[in-house]
Structures are given as structure tokens and as C-alpha cells.
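Asker: sharing a model prediction with you, sequence too.
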Amino acid sequence: MKFRPLHDRVVVKRIEQETKTPGGIIIPDTAKEKPQEGEIIAVGPGARGEDGKIVPPDVKVGDRILFGKWSGTEVKINNDELLIMKESDVMGVLEK
């Protein structure tokens, strides 16, 4: 199954955080929080502006992003746990 988001929505796959701190302490699964970093899997065509024209999104497939702790809706597609959120929920793009 393939999923195509509409309007200004994006599909994000969470990127798991390190299980070990810089000091070498291993963090158990029960103490971990859900990661707030992810990779864009799919992007909608963009939102309509007030003039009726489509405004293209600022993010693209493959971008690593940061998003809010409670952002998006969790869905399961092809046994992958993904998030669907509005582009406005994305805080920024991580660049190397």
C-alpha cells in the first residue's frame, strides 16, 4: 500500500535515539521518551494560499526534522509506525 498525504501534511518516520548516554550509561526502554526527531517519508503538494494558489511546502522527502512532543497522528502503514502531521508542526530541518 502506498500513502500520499494531502495539502500541507507530511508523513514522518521517527528516528530512534541512542540507548547509551555520552557517559556510557545505558537507558532502559521504560525510561526512554518517544523521539522528537524524524525523517520525512512523503510530502503533500502544499496548502492553498488566500489567493487560491498552492503554496509549496518547505520540506522535502529525506529531510531530517525536529517536531513537537505531541505533534501528529500515529498510524501504522505496511507494519511501519509513522506520524502524519501538518507542515506547521515541524519545528525545523536538521542539516549536516
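Answerer: Perfect, I can see it now.
Asker: could I get the full set of strands for the chain?
Answerer: Ranges of strands in the chain, per DSSP state E, are 9-14, 37-43, 47-48, 54-55, 64-67, 73-77, 80-86, 90-94.
Asker: most neighbours per residue, which of the ones you listed?
Answerer: For the strands of the chain, the largest average neighbour count (mean count of other Cβ atoms under 10 Å) is found in strand 9-14, namely a mean of 21. All C-beta atoms are positioned from the backbone trio N, CA, C, and that covers glycine.
Asker: what lines up beside that strand in the sheet?
Answerer: strand 37-43 (antiparallel), strand 80-86 (antiparallel) (DSSP bridges).
Asker: give me the contacts around the first one.
Answerer: Here strand 37-43 makes contact (Cβ atoms under 8 Å, 6 or more residues apart in numbering) with 3-5, 10-15, 17, 57, 59-67, 82-83, 87, 94.
Asker: go on, stretch 78-96?
Answerer: Under Cβ under 8 Å, 6+ apart, the answer for stretch 78-96 is 1, 5, 8-14, 37-38, 41, 43, 47, 57-59, 63-68, 71-76.
Asker: straight-line length of that stretch, end to end?
Answerer: 30 Å (Cα to Cα, to the nearest Å).
Asker: any idea how far that stretch is from the chain center?
Answerer: 1 Å (Cα atoms, centre = their mean, to the nearest Å).
Asker: and if you look at stretch 75-85?
Answerer: Worked out by Cα atoms, centre = their mean, stretch 75-85 lies 10 Å from the chain centre.
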